[in-house]
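# model the structure of this input:
(one chain, ligands or ions: 2)
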Amino acid sequence: MDTESLQLPIIDLASSDRISTAHSISQACMEYGFFYLINHGVEEDLLHEVLEGNRNFFTLPIEEKMKLALKKNRGYSPVYAENLDPSSSFKGDSKEFLYIGPLEDVTPHGDLNQWPPEDILPFWRSTVEDYYKRVLSVGKRLIPLVALALNLDENFFYDIGALNQPNGFLRLLHYPGDLGPSDEEIYGASAHSDFGMITLLATDGVGGLQVCREKTLEPQVWEDVHSVPGALIVNIGDLMERWTNCLFRSTLHRVMPTGQERYSKMAFFLDPNPDCVVECLKTCCSEFSPPRFPAIRCGDYLKERFKLIYGS
Ligand SMILES: O=C(O)CCC(=O)C(=O)O
Ligand SMILES: [Fe+2]
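Ligands and ions are numbered 1, 2, ... in the order given. Okay, the predicted model is just below:
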């Protein structure tokens, strides 16, 4: 297999030169669909605290974790339960994860998110909720720069109501190191592109993440994405690719097992609210480049994509 190393652009969220930052974002999203984000304002200490808590959570006995089994897209999913590449027949990805949805989604029967009891993991819930709020706010500060990068008014995505009730899903991930013998190829996370608007990923520094910039090229060329200390890795999702008429790339990526345990930590998927209609942006089409996709309600689009993975 062909693996090369990639130097992704670095975007500074705190830069006062918004125009030049937007220009760099535009270049990065057209060329790679991925970039590093620095000066994002999430403290190192908080990142370490969540990571520490992740270790404690994932080392709980499986019976304890299964009490939180995935319901309404929230909760725990064990190793091999999900295969992100529906076109493959592999036994599933060698990852386990805890999925946490919008914190305010509370029903008369209680919180939709599922948490281990406080006496088992004291303070962890509040730490993770704190992280959720911080990373959501990073996403909300980044979106106006993405709008500028698309030659739109910086409030564009807010003005169309895309983020009235932002749909943020935080996935705490653990890739076990020792997988035991297997007669088929096992991926930590098999090849996929993310579904939504943007993803903000915090990693623990252990490698394994790879991108394939030309999905249709055969044989596929996979390049390693190294982590940069303190930086978040941001990538464009399929809905944004659709919005931009494929100007911005939703790049295929995967996680290879490295033989080393990986608490990839946290992928935060920022999606528009379900009623938001995603249709080709006026700055992304022309007479020579007509819209490639019909308009679609965000909720309908995501439902279809989840159906392919979970079959329901
Ligand atoms: O763990 C990683 O590095 C990436 C995870 C990922 O791509 C995903 O969950 O969508
Ligand atoms: Fe992903």
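
# next, count neighbours for residue 301.
By other C-beta atoms under 10 Å, the residues close to residue 301 number 22. For every residue, glycine as well, the C-beta is placed using N, CA and C.

# tell me the phi and psi of it?
phi -60, psi -50 (degrees, to the nearest 10).

# right, and it touches residue 277 too?
No: proximity of residue 301 to residue 277 does not meet the contact threshold set by C-beta atoms under 8 Å, at 10.0 Å.

# show the contacting residues for the residue most central in space within the chain.
Per C-alpha atoms, centre = their mean, the C-alpha nearest to the average position across the chain is that of residue 199, at 3.5 Å. If you count contacts by C-beta atoms under 8 Å, 6 or more residues apart in numbering, residue 199 has them with 234, 235, 237, 267, 268, 269, 270.

# the second one: what secondary structure?
Here residue 235 is recorded as strand under DSSP: H, G, I helix; E, B strand; the rest coil.

# so what are the sheet partners of the helix or strand that contains residue 199 and their directions?
Assigned by DSSP states H and E, residue 199 belongs to strand 198-202. Applying DSSP bridges, strand 198-202 is found paired with strand 232-236 (antiparallel), strand 262-271 (antiparallel).

# residues from the stretch 201-312 of the chain in reach of ligand 1?
201, 203, 209, 253, 255, 264, 267 (C-beta under 6 Å from any ligand atom).

# in JSON lines, list these along with neighbour count.
Output for those, formatted as JSON lines (neighbours: other C-beta atoms under 10 Å):
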{"residue": "201", "neighbour count": "25"}
{"residue": "203", "neighbour count": "25"}
{"residue": "209", "neighbour count": "24"}
{"residue": "253", "neighbour count": "25"}
{"residue": "255", "neighbour count": "26"}
{"residue": "264", "neighbour count": "27"}
{"residue": "267", "neighbour count": "22"}
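
# which of the residues you listed sits closest to residue 188?
Ranked by distance to residue 188 (C-beta to C-beta), these are led by residue 255 at 3.5 Å.

# residue 176 is in contact with the closest one, correct?
No: with contact defined as C-beta under 8 Å, residue 255 does not reach residue 176; the gap is 11.9 Å.

# all the helices of the stretch 1-150 of the chain, residue numbers only.
Using DSSP state H, counting those that start in this stretch, the helices assigned to the stretch 1-150 of the chain run over residues 18-31, 44-58, 62-66, 124-149.

# what helices or strands is the longest one leaning on?
The one in question is helix 124-149. Judged by 3 or more C-beta pairs under 8 Å, 6 or more residues apart in numbering; DSSP states H and E, the packing partners of helix 124-149 are helix 18-31, helix 44-58, helix 156-159, strand 167-175, strand 198-202, strand 232-236, strand 262-271.

# next one: phi and psi at residue 289?
Dihedral pair for residue 289: phi -130, psi 70, per degrees, to the nearest 10.

# and it, how far from residue 225?
Here residue 289 is placed at a distance of 29 Å from residue 225 (C-beta to C-beta, to the nearest Å).

# and if you look at residue 299?
Going from residue 299 to residue 225 by C-beta to C-beta gives 30 Å.

# in terms of neighbours, single out the busier of the two.
residue 225 (25 against 15).

# which phi and psi does the more buried one have?
Dihedral angles (degrees, to the nearest 10) for residue 225: phi -110, psi 110.

# right, and it touches residue 33 too?
No: counting by C-beta under 8 Å, residue 225 sits too far from residue 33 to count as a contact (11.2 Å).

# now the common contact residues for those two.
Joint contacts of residue 225 and residue 33 (C-beta under 8 Å, 6+ apart) are residue 211.

# picking up where we left off before, got the CA positions of the strand holding residue 199 in PDB?
In PDB, the C-alpha atoms belonging to strand 198-202 read as follows (Å, rounded to 0.1, in the frame of the first residue of the first chain):
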ATOM      1  CA  ILE A 198     -17.600  20.500   9.400                       C
ATOM      2  CA  THR A 199     -15.800  18.100  11.900                       C
ATOM      3  CA  LEU A 200     -13.400  19.200  14.600                       C
ATOM      4  CA  LEU A 201     -11.100  16.500  15.800                       C
ATOM      5  CA  ALA A 202      -8.900  16.400  18.800                       C
END
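
# give the next helix or strand downstream of it.
Taking DSSP H and E, what comes next after strand 198-202 is strand 209-212.
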